[in-house]
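[1] sequence and computational prediction follow.
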Amino acid sequence: MGNQIGERVSRQTPNRGIRYPDFPDLATPQAMQRMAEDLDVAATVTDGKRSAAIKRPRARVHRSAGTQNITKTTWTQLTGFNVVDYDTSGFANLGVNNDRLTSPFAGLLLLKGSFDVPPPGGVDPDTARLAIAKNGATNGSADFVQKPLWTHNSSSYDGDCTALLSAAVNDFFVLWVYWNGTPAGPATFGFQSLSVTLIATP
Amino acid sequence: MLITANEGFPYPQAADFAALPVHMANLANGYDAKAPSWDSVFTALAKNPSFVFRSSADSSAIAFGAGAVNIQNLATTIWNNSGVTISGPFVLFPPADVAAWWLVGCYLMVTNGGTVTTGRLNQAIIQPQWPGYGTASIPGAQPAPVAAVTYPTPTGAIYGTSVETNQGGEPIHAQGLVRTFGSTSITALMAHNDNGASATRTIKAGSAMWGIRLGNA
């Protein structure tokens, strides 16, 4: 609502821009309405900041069907994420890259990966590993956080891995798997998921 | 002029209608002045105190019976907005901080030496130390052989394990809650029970210790 004819231009507070009459102007109903509206907007701004602070940015994607052949004793990146379970802030863009989550933020991220493969008829590895990798990190790098999984004599195998990694804007995170065992392979992996939560900003 | 009970916002007395513009200005500015303090709380929430440090050197290689070995100098700061500091392999929590709960963890990148035995246990230990309470007890030099594992009663230490699969080294994860107060510190160690004649384990450079402050205790 603008100023009325004959009124002087309202003054504004420095932080939230709340308008108030410029003394010795009168406290007109219009001026009070403007102030009430600005207080309302200010409260909404505060609510938004509180909500953003409490609801940490996060995302989760998974593969709902199909599997990927993995050669024995060869670290291989998992692809084929096809479902976005939730994504508050644009981490996922599966239409462009179906193998990753990309951070829109600089900060510290908590990442969780998992996979689950029900044979039957599949290869049963003796061992398997799951890794969360930042950007192009490969086995041996500190940014290639892996977890060994003991699967010997199991009829199916699954596992999970957790990593706490720092990120710059547009850093991306992917899953890798590895297996070894008596069968020649390849083994089939699938039903993987990858999730991320922003723990802290700089 | 009167003020509200909780936030101290000013308003005129009933008979003070003549100076309403001034009172409106006071109210607007009184409300506005609160905004930075509200914002700072939300900003602090987003900057959740946390840290990730990585070691800059390999540990020595240890054989079964040689006890536990420490992660080496945590010289590489990956992330730290928490006020903790580093002294060699130790994370030192802020002495002036109030008592607090932290979720802490380690990720030990491990390599093997010699001929290792599949199925043997590798163990990570996060060892807290509290002011006046000495070092958290780490029972025994290393875990007993897998066939007869007897886990000791934890007395402050946090454990994680991996099982040897003979793939060139078994990374180990461990995480748990630590209540800090005063000059509390933590460090990470590794032990194993591979009693093969030549089997050894080494904590590799790049292994990490991390923590997230969950709140005041």
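    Structure's in. What do you need?

[2] tell me the helix or strand right after the helix or strand bottoming out on mean pLDDT in chain B.
    For chain B, the helix or strand with the lowest mean confidence is strand B:134-135, at a mean of 60 (criterion: mean pLDDT, DSSP states H and E). Downstream of strand B:134-135, the first helix or strand assigned by DSSP states H and E is strand B:158-163.

[3] list the strands paired with that following strand, with their directions.
    Strand B:158-163 has its sheet partners listed here by DSSP bridges as strand B:121-130 (antiparallel).

[4] distance from the chain centre to the partner strand, please.
    13 Å (Cα atoms, centre = their mean, to the nearest Å).

[5] SS state for the nearest residue to residue A:14 once chain neighbours are set aside?
    For residue A:14, ignoring the flanking residues on the chain, the nearest one in space by Cβ to Cβ, 6 or more residues apart in numbering or on different chains is residue B:32 at 6.7 Å. Quick note: C-beta positions are derived from backbone N, CA and C, even for glycine. Three-state call for residue B:32 (DSSP: H, G, I helix; E, B strand; the rest coil): helix.

[6] repeat for the one 4 residues further on
    Per three-state DSSP, the local secondary structure of residue B:36 is helix.

[7] distance check, it against chain A.
    Using Cβ to the nearest Cβ, to the nearest Å, we find residue B:36 at a distance of 6 Å from chain A.

[8] for the nearest residue in space to that residue that is not next to it in sequence, give me its contacts.
    Once flanking residues are discounted, residue B:36 sits nearest to residue A:15: 6.3 Å by Cβ to Cβ, 6+ apart. By Cβ atoms under 8 Å, 6 or more residues apart in numbering or on different chains, the residues touching residue A:15 are B:32, B:33, B:35, B:36.

[9] partners of the least confident helix or strand in chain A by mean pLDDT in the sheet?
    Using mean pLDDT, DSSP H and E, strand A:187-190 stands out as the lowest-scoring helix or strand of chain A, at a mean of 83. Strand pairing for strand A:187-190, using DSSP bridges, gives strand A:67-70 (antiparallel).

[10] off-centre distance for the partner strand?
    That offset, for strand A:67-70, works out to 25 Å (Cα atoms, centre = their mean).

[11] could you do stretch A:94-106 as well?
    Relative to its chain's centre, stretch A:94-106 lies at 9 Å (Cα atoms, centre = their mean).

[12] endpoints of that stretch, how far apart?
    Terminal residues of stretch A:94-106 lie 21 Å apart, using Cα to Cα, to the nearest Å.

[13] what does that stretch contact?
    By Cβ under 8 Å, 6+ apart, stretch A:94-106 touches A:57, A:59, A:61, A:77-82, A:84, A:89-93, A:109, A:111, A:167-175, A:194-196, A:198, A:201-202.

[14] what subset of these is buried?
    Judged by neighbour count, with 16 or more other Cβ atoms under 10 Å in any protein chain shown as the criterion, the buried members of the contacts of stretch A:94-106 are A:57, A:59, A:61, A:78, A:80-81, A:89, A:91-92, A:109, A:111, A:167, A:171-175, A:194-196, A:198, A:201.

[15] quick revisit: so which of the contacts of residue A:15 is the closest to residue B:44?
    Nearest to residue B:44 among these: residue B:36, at 12.4 Å, using Cβ to Cβ.

[16] where do the helices sit along chain B?
    Counting by DSSP state H, one finds helices in chain B at the ranges B:20-46.

[17] for it, give me the ranges with low pLDDT.
    Within chain B, the stretches with pLDDT under 70 are B:132-155.

[18] and stretch B:12-27, what's buried?
    B:12, B:20, B:21, B:22, B:23, B:24, B:25, B:26, B:27.

[19] is it in proximity to chain A?
    Yes. Remark: stretch B:12-27 sits within contact range of chain A at B:20, B:21, B:22, B:23, B:24, B:25, B:27, by Cβ under 8 Å from any Cβ of the partner chain.

[20] end-to-end on that stretch?
    First residue to last in stretch B:12-27 (Cα to Cα) measures 10 Å.

[21] can you give me how far that stretch is from the chain middle?
    Here the centre of stretch B:12-27 is set off from its chain's centre by 53 Å, with Cα atoms, centre = their mean.

[22] hmm, who's touching that stretch?
    A:11, A:20-27, A:31-32, A:35, B:1-2, B:9-11.

[23] among the residues you listed, which ones are in strands?
    A:11, A:20, B:2, B:10, B:11 (DSSP state E).

[24] and residue B:197, how close does it get to chain A?
    23 Å.

[25] show the contacting residues for that residue.
    B:114, B:115.

[26] returning to what we had before: can you count the residues close to the residue nearest to residue A:14?
    By other Cβ atoms under 10 Å in any protein chain shown, 20 other residues sit near residue B:32.

[27] for residue B:166, see how far away it is.
    Going from residue B:32 to residue B:166 by Cβ to Cβ, to the nearest Å gives 67 Å.

[28] same thing with residue A:113?
    24 Å.

[29] neighbour count: the two, which is higher?
    Ranked by neighbour count (other Cβ under 10 Å), residue A:113 and residue B:166 place residue A:113 first, with 26 against 16.

[30] and that one, bridged to which residues?
    Beta-bridge partners for residue A:113, by DSSP bridges, are residue A:161, residue A:194.

[31] from residue A:102, how far off is it?
    Taking Cβ to Cβ, one finds residue A:113 at 15 Å from residue A:102.

[32] can you give me every residue that contacts residue A:40?
    Contacts of residue A:40 (Cβ under 8 Å, 6+ apart): none.

[33] in three-state terms, label it for me.
    Once three-state DSSP is applied, residue A:40 turns out helix.

[34] if we can go back for a sec, let me know the pLDDT of the residue nearest to residue B:36.
    Per-residue confidence (pLDDT) for residue A:15: 92.

[35] ok, residue A:2 next?
    51.

[36] swap in the one 5 residues further on?
    Among the per-residue scores, residue A:7 holds a pLDDT of 54.

[37] repeat that for residue A:97.
    Looking at residue A:97, its pLDDT reads 97.

[38] which of the three states applies to it?
    coil.

[39] now it: phi and psi?
    phi -130, psi 110 (degrees, to the nearest 10).

[40] that one and residue A:36: what is the separation?
    Using Cβ to Cβ, residue A:97 is found at 48 Å from residue A:36.
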